[in-house]
Structure formats: structure tokens, C-alpha cells
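**Student:** Structure, please.
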Amino acid sequence: MLEADKKAPAFSLQDGNGKKVSLSDFKGKKVVLYFYPKDMTSGCTQEACDFRDALPNFRKIKAAVLGVSIDSTASHKKFADKYDLPFTLLSDEKKEVVEKYGVWKEKSMYGKKYMGIERTTFIIDEAGKIQNIFPKVKIAGHVNEVMQALKGNK
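**Tutor:** Model prediction:
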């Protein structure tokens, strides 16, 4: 399990345009790395739109926002275009990064067990260390909670 003050696992994934994006591309910047279950679903859409609406505030404090799910790059492109998402969505179809970050978990719905992403957000500092972890995210108020953590840990 990952912990605060540990080095964030490195990764390179493709964005919705097929461009490779690596965590190391953001050295010297804070990164809000949020993992979400699925494009175009109500909760994930709400979370993405909340980050979209707050993006100017994240940019003011030089924090990049990256969303990660196991959806395809084409799905991410459609999702970003439909909801005008101005930040990067990364595709982890091989489930390598969700496993590294410990967010690929057994879940249960209507008594049925399945594997999926547990909605989790990581704040990674300028040196690539995990600053905060928000497990089992509740969407309402989450973006504000992340912003407060960023402002408190400049």
C-alpha cells in the first residue's frame, strides 16, 4: 500500500489523443492524480466536471490535474470532448498503473463481486513524493478538499 512521503510510482500512459504522458513530465509541479472507475458514468462525470470547473484555481497554484481509468484512449477523447474537460485523461487499459497505485480492488454491487477502480486521489509534490492520499472518495466536496490540502501544503 502506498503512503504519504513515499515516492510516487513512475508511469507513462497515453492520453485521449494517443500521446504518451509520464509522471516525470510534471517534475517541479504538484500533480493531482485522480483514479476513477468509468468514463460517461454519472459519478465520474460529476467528479470530472468538478475538477474542470475548479481548474483555474489549480492552475493558479501550479498544480496539474490528471485523471486515470482503464477506459480506452478513444473513450477518453469522447468523454473529454463531450464535457469540455481541459485536463489530461490517461488510459490504463493494461491496469499496470491502477495496480501500482493500489486502486484496483474487489468491489461489490448488489451482492455481486467484481474487480474495479476504487475512486482515489493522490497529491504528488514537486519532487515526485506522495503528499496526500484520499481513498474511497465521496464526490460531493472532494475537489474543495483536494484544494484545501494543496493550499495547506505549499
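**Student:** doesn't residue 123 fall inside a helix?
**Tutor:** No: assessed with DSSP: H, G, I helix; E, B strand; the rest coil, residue 123 is strand; it does not lie in a helix.
**Student:** Run through this structure and note the low-pLDDT ranges.
**Tutor:** Scanning the chain for pLDDT under 70 picks out 153-154.
**Student:** What residue in it is the furthest from its centre?
**Tutor:** residue 111 (27.3 Å; C-alpha atoms, centre = their mean).
**Student:** so where do the helices sit in the chain?
**Tutor:** Under the criterion DSSP state H, helices of the chain are mapped to 42-60, 73-83, 96-100, 142-152.
**Student:** what's the closest of those helices to residue 122?
**Tutor:** helix 142-152 (9.8 Å; C-beta to C-beta). (Each C-beta comes from the backbone N, C-alpha and C, glycine too.)
**Student:** just how off-centre is that closest one within its chain?
**Tutor:** 14 Å (C-alpha atoms, centre = their mean, to the nearest Å).
**Student:** again, but for stretch 107-119
**Tutor:** Distance, centroid of stretch 107-119 to centroid of chain: 19 Å (C-alpha atoms, centre = their mean).
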